[in-house]
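S.K.: sequence and computational prediction follow.
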Amino acid sequence: MTTRTRTRPGIRTRAGALLLAAGAVALTGCGTRTAGAGDSPEPAAPSVAPSVDHAARAAEAVARHDALFPAIAARCADAATAAASPGAAAGGSPADPEAGKYAENHAYKQQARLTPGARCRGDAHAARIRAAMAGGSGGKGAPHTVDEVRALLTGLGYGFDAGGVYGTGAVNVSFVLSVPESGPCVTGRLGPPLTVEAHGVYAEGGCPEPRGGH
């Protein structure tokens, strides 16, 4: 004779409820993941550095220059739109290997090509400085010493962050400077004869002529 165990209805109801709740939790866990201590964080998106607008910076520098030297700005107002002139070709021709070797050995003396606007400003500043050093600016006499040249150029509004005045007393007096804000370089020598000229920066950087090579 088989003995049947009867379970009370209340117990069956509570057991079923527990099984249903466990299943719901299991189903919910399948679609959800909670980050724990062992999880790797999501990689951050790489930051993109803002690009530098060199043309805009150059234009701002020219505007500051023009505010300092309005007469030169007026003189060179149309030069900025002129077409750039081709620069001198570097190196020698294949038929002249010695000239090619000389150009290679002196490549460090190559100067940056000037835009028409920079060429106009440089030539205008060179003419202004030349006139002052010849005694034609403000009725003052021509400078003869390092201190006098430095004082004259400072009075004209030029600094020496990218150059200086060189010589011993009144012997071999020369100078080199960068036109404020926009460049280019201006180099001069008392002489005789007095020489003042504008040029681009050298390949190694800066206005002073580099010493070196091989």
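M.R.: Nice, thanks for sending it over. Numbering: from 1, shown residues only.

S.K.: just checking: what are the partner strands of the lengthiest strand in the chain?
M.R.: When the chain is scanned for its longest strand (criterion: DSSP state E), the result is strand 171-178. On the basis of DSSP bridges, the sheet neighbours of strand 171-178 come out as strand 164-168 (antiparallel), strand 185-189 (antiparallel).

S.K.: downstream of the worst-scoring helix or strand of the chain on mean pLDDT, the next helix or strand is which one?
M.R.: Scoring the helices and strands of the chain by mean pLDDT, DSSP states H and E places helix 9-30 at the bottom, with a mean of 46. Proceeding C-terminally, helix 9-30 gives way to helix 54-68 as the next helix or strand, assigned by DSSP states H and E.

S.K.: list the buried residues in that next one.
M.R.: Going by neighbour count (16 or more other CB atoms under 10 Å), the buried part of helix 54-68 is 62, 65-66. To be clear about C-beta, it is placed using only N, CA and C from the backbone, and glycine gets the same treatment.

S.K.: please save the CA atoms from that helix in PDB.
M.R.: Extracted in PDB, the C-alpha atoms of helix 54-68 (Å, rounded to 0.1, in the frame of the first residue of the first chain):
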ATOM      1  CA  HIS A  54      49.200  80.800 -38.500                       C
ATOM      2  CA  ALA A  55      47.800  83.100 -41.100                       C
ATOM      3  CA  ALA A  56      45.600  84.800 -38.600                       C
ATOM      4  CA  ARG A  57      48.500  85.200 -36.200                       C
ATOM      5  CA  ALA A  58      50.700  86.800 -38.900                       C
ATOM      6  CA  ALA A  59      47.900  89.200 -39.800                       C
ATOM      7  CA  GLU A  60      47.600  90.200 -36.200                       C
ATOM      8  CA  ALA A  61      51.300  90.800 -36.000                       C
ATOM      9  CA  VAL A  62      51.300  93.000 -39.100                       C
ATOM     10  CA  ALA A  63      48.400  95.000 -37.600                       C
ATOM     11  CA  ARG A  64      50.400  95.600 -34.500                       C
ATOM     12  CA  HIS A  65      53.400  96.700 -36.600                       C
ATOM     13  CA  ASP A  66      51.200  99.100 -38.600                       C
ATOM     14  CA  ALA A  67      50.000 100.700 -35.400                       C
ATOM     15  CA  LEU A  68      53.600 101.300 -34.400                       C
END
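
S.K.: show the pLDDT at residue 161.
M.R.: You'll see residue 161 listed with a pLDDT of 81.

S.K.: run the angle between the host helix or strand of residue 147 and strand 171-178 for me.
M.R.: Assigned by DSSP H and E, residue 147 falls within helix 146-155. Here helix 146-155 runs at an angle of 20 degrees relative to strand 171-178 (axes from the mean of the first three to the mean of the last three CA atoms, to 10 degrees).
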